[in-house]
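Enquirer: Just the structure for this:
(chains A, B and C)
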Amino acid sequence: MDVSYLLDGLNDRQREAVSATEQDMLVLAGAGSGKTRVLVHRIAWLIEVMNYSPLSILAVTFTNKAAAEMRGRVEKLMGRDVQRMWIGTFHGLAHRLLRAHYQDAGLPQNFQILDSDDQQRLLKRTIKALNLDEKQWPAKQAGWYINAKKDDGLRPQHIDTYDPTEQTQVQIYRAYQEACDRAGLVDFAELLLRVHELLRDNKHVREHYQRRFRHILVDEFQDTNQIQYSWVRLLAGKENHVAIVGDDDQSIYGWRGAQVENLQHFLRDFPNAQTIRLEQNYRSTATILKAANQVIGNNSDRLGKDLWTDGIDGEPISLYSAFNEQEESRYIVSQIKRWQEQGGALSDVALLYRNNAQSRVLEEGLLYSGLAYRIYGGLRFFDRQEVKDAVAYLRLLSNRNDDAAFERVVNTPTRGIGERTLGLVRELARARQLTMWDAARAMVSESLLSGRAKNAMAAFLDIINGLEDKCVDKPLSMQTDLVLKSSGLLAMYQAEQSDKAETRVENLKELVSATETFVPTGEEGMTPLAEFLAHAALEAGDEQADAYQDAVQLMTLHSAKGLEFPLVFMTGLEEGTFPSQMSSGEPGRLEEERRLCYVGMTRAMEKLIITYAESRRLYGQENFHTPSRFISEIPSEFIHEVRVQTRVTQPSAQRSRFHTGASHEAFSQTGFQLGQRVLHQVFGEGTVLNYEGTGPQSRIQINFDDVGSKWLVVAYAKLTVI
DNA sequence: GGCCACTTTGTTTTT
DNA sequence: CAAAGTGGCC
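Expert: Below you'll find the predicted structure:
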């Protein structure tokens, strides 16, 4: 068979990785070096040339999006369906394994997945039940602690501490885990940890999968945590081949347990592994690459890698110093407009920022100028309140012991089961080690509740039981429809008088159509409902946005990883914002911020524009910042400073003269706006920084490109708007 | 049970 | 500053 198409168009390093003989391999893939391409071709090579069955290959990614893209590209390249091949996320594969081996993993057959929101609620209740002060022991921190321990493979009994604070955290961890186990609930970290324990402790299961998966490929390996890596090692056994792809310079998730060190550990644990570096970049201009290389070069302990391109130098990186975040936004808008006038598409433009709070001012600027935009990172479909309510009913149908679902819907819509009644149920559940459902049943049958509460609770139990009878042998979409109607959920939202309620009803209907289009795989004795519930938990779905609209893309630097755009704005490059205040002090954290900067810069294909604001409002307070250290790490030869902002020498004195809000409008009546570009006959071009007074006596401060900042009387200055 | 006023608390995100 | 959460009151 002619397999040359598998190597066509690849560079030498890529070919080497694709066609490597059977051995372990570390592919150090720089940004834009064709990493996914190599993975996809490697999989096809193993099947077509090495004659491996698609079933003997395991490919793991972090996000559903990456997994879907990989599967799609493999299918396209090979021209055949690889549905049965295991390509998925760590969590998706863990779920699949636990469903198949629920008994060995010590789980009930109908276990449910707990998302972060559910986990938070359950923790809150657990902390309350332990009679701990909720102020002193916030559920958030407890969750953070528990997840971190699970990521490190630790159960409560493994944690030995004399620190009283940690002892309490372990106490919460233990109580929370007992609650999960009783209810058949598995949180995200638990999925991974359970599979790790399953493979570690069950020789039979482990050997089965070791025999099956001859080749294991892991994408974005720098993002793996301890437990994910030990999974890889367990599945690899002694005989299988592991290929990992990653980039230590793009490790930006250390704060959530990812261990870059895993790359070094891999080289230690797989001593025969071949290292292949993909350093040729096909994305950015040489200028952008050189600048990014310089920045990341300031980090220590790198595996070492230098991106290069045989492409053009391209334009210099623009650096714009704004006076405040409003003016930063105005400048960005003006540049986007210029891009658009030159024929550029809006969807080719990305605005990147360090934290979500920064998006607001940018958004306002775009809105004001009428430019279409799309913000990433909003609420996703299955995260919406009304959708979660409906799903909780479905979960309860599937598993009565699901305490998280029970608590969510027992009084939604309100049916007279208040906090008092629930308190009694919780008490009984704790005393008898029952789930909420069983405790509620006991309270009704043993008449432990007052008449009214008893009736209300009995009615709720009847609704759920009655729904089950109605749903027998019905298609999933009809079950969902029945749930919405019988529970009163739909009626509740329909009755609500707000603009929100309308979209909520729409979302509930959307949920029904989602169940209609959902195609169950019919796997290992799972009901369509069970499969759908897992799908809802593991893939929270896309945000509801018109992806096809030509719109500017706004997102955090983190969510930009893996994407590319012809024109990229990196905004808010100020000390304290980026690098973030939180990362100061710890060198490790600062290096992660620098990697984030590297990730941001390497998103840009043609043009990179970096902006910062001298002053920025944060929590209602105006703060002055120095430009980010990352700016000074870029050699000046690659930078074009659009405007040299004269340093504000006495910030507090200067600040008192600033005008905002209503007076700003009055100012614009004079014909000028802050941030506007103007021309003076003697001083040349400049930008309006500030003003004082109104009418003929008003003075205006202009920062001239050539001669710096000056105060001029508007009436005499003879300024022209550019 | 629902509404209003008060307090608190603010990185980065996927599963 | 503004959103989210809490607590008191009817």
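
Enquirer: Kindly provide the distance from A:L346 to DNA strand B.
Expert: Remark: distance between A:L346 and DNA strand B (C-beta to the nearest atom of the strand, to the nearest Å) = 21 Å. (Glycine included, C-beta is placed from N, CA and C.)

Enquirer: my read: that residue touches A:I336, true?
Expert: Yes: in terms of C-beta atoms under 8 Å, A:L346 counts as a neighbour of A:I336; the distance is 7.2 Å.

Enquirer: anything in contact with each of those two?
Expert: Common neighbours of A:L346 and A:I336, using C-beta atoms under 8 Å, 6 or more residues apart in numbering, are A:371, A:552.

Enquirer: With neighbour numbers in mind, choose between these two.
Expert: A:I336 (23 against 19; other C-beta atoms under 10 Å).

Enquirer: Please state the backbone phi and psi of the more buried one?
Expert: Main-chain dihedrals, A:I336, degrees, to the nearest 10: phi -70, psi -40.

Enquirer: quick one: it from DNA strand C, how far?
Expert: 24 Å.

Enquirer: dump the residue contacts of that residue.
Expert: Counting by C-beta under 8 Å, 6+ apart, A:I336 has contacts A:346, A:349, A:366, A:371, A:552, A:567.

Enquirer: Pipe these into TSV and attach distance to DNA strand C, secondary structure and pLDDT per row.
Expert: Shown next, in TSV, are these (distance: C-beta to the nearest atom of the strand, whole Å; DSSP: H, G, I helix; E, B strand; the rest coil; pLDDT from 0 to 100):
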residue	distance to DNA strand C	secondary structure	pLDDT
A:L346	25	helix	96
A:V349	25	strand	97
A:L366	17	helix	94
A:L371	21	coil	94
A:V552	21	strand	96
A:L567	29	strand	98
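
Enquirer: what's the closest of these to A:D181?
Expert: Of all the contacts of A:I336, A:D181 sits closest to A:V552, with 47.4 Å by C-beta to C-beta.

Enquirer: That closest one is in contact with A:L351, isn't it?
Expert: Yes: assessed by C-beta under 8 Å, A:V552 is found in contact with A:L351 at 6.3 Å.

Enquirer: List only buried entries from the contacts of A:I336.
Expert: Listed as buried from the contacts of A:I336 are A:346, A:349, A:366, A:371, A:552, A:567; burial here means 16 or more other C-beta atoms under 10 Å.

Enquirer: which residues of the stretch 351-500 of chain A fall in strands?
Expert: A:373-375 (DSSP state E, counting those that start in this stretch).

Enquirer: Same check on the stretch 101-250 of chain A?
Expert: A:112-114, A:185-187, A:215-218, A:241-246.

Enquirer: Please produce TSV containing those, extended by distance to DNA strand C.
Expert: Converted to TSV, the strands of the stretch 101-250 of chain A look like this (distance: least, C-beta to the nearest atom of the strand, whole Å):
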stretch	distance to DNA strand C
strand A:112-114	17
strand A:185-187	18
strand A:215-218	35
strand A:241-246	35
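
Enquirer: how about TSV for these, with mean pLDDT added?
Expert: Below are the strands of the stretch 101-250 of chain A laid out as TSV (pLDDT from 0 to 100):
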stretch	mean pLDDT
strand A:112-114	95
strand A:185-187	96
strand A:215-218	97
strand A:241-246	97
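
Enquirer: Can you say which of the ones you listed is nearest to A:A514?
Expert: Comparing those by C-beta to C-beta, strand A:112-114 comes nearest, at 17.0 Å.

Enquirer: joint contacts of A:V552 and A:L351?
Expert: The contact sets of A:V552 and A:L351 overlap at A:Y373 (C-beta under 8 Å, 6+ apart).

Enquirer: care to break chain A down by domain?
Expert: For chain A, the TED database gives the domain ranges A:4-103+A:192-280, A:116-183, A:317-380+A:544-642, A:382-540, A:663-721.

Enquirer: okay, and the helix or strand of chain A with the least pLDDT?
Expert: Lowest by mean pLDDT, DSSP states H and E among the helices and strands of chain A is helix A:651-655, with a mean of 34.

Enquirer: what's the burial count for the residue in the stretch 201-350 of chain A positioned nearest to DNA strand C?
Expert: Nearest residue of the stretch 201-350 of chain A to DNA strand C, counting by C-beta to the nearest atom of the strand: A:E325, 12.3 Å away. A:E325 has 26 neighbours, counted by other C-beta under 10 Å.

Enquirer: list the contacts for it?
Expert: Applying C-beta under 8 Å, 6+ apart, the residues near A:E325 are A:358, A:361, A:572, A:613, A:615-617.
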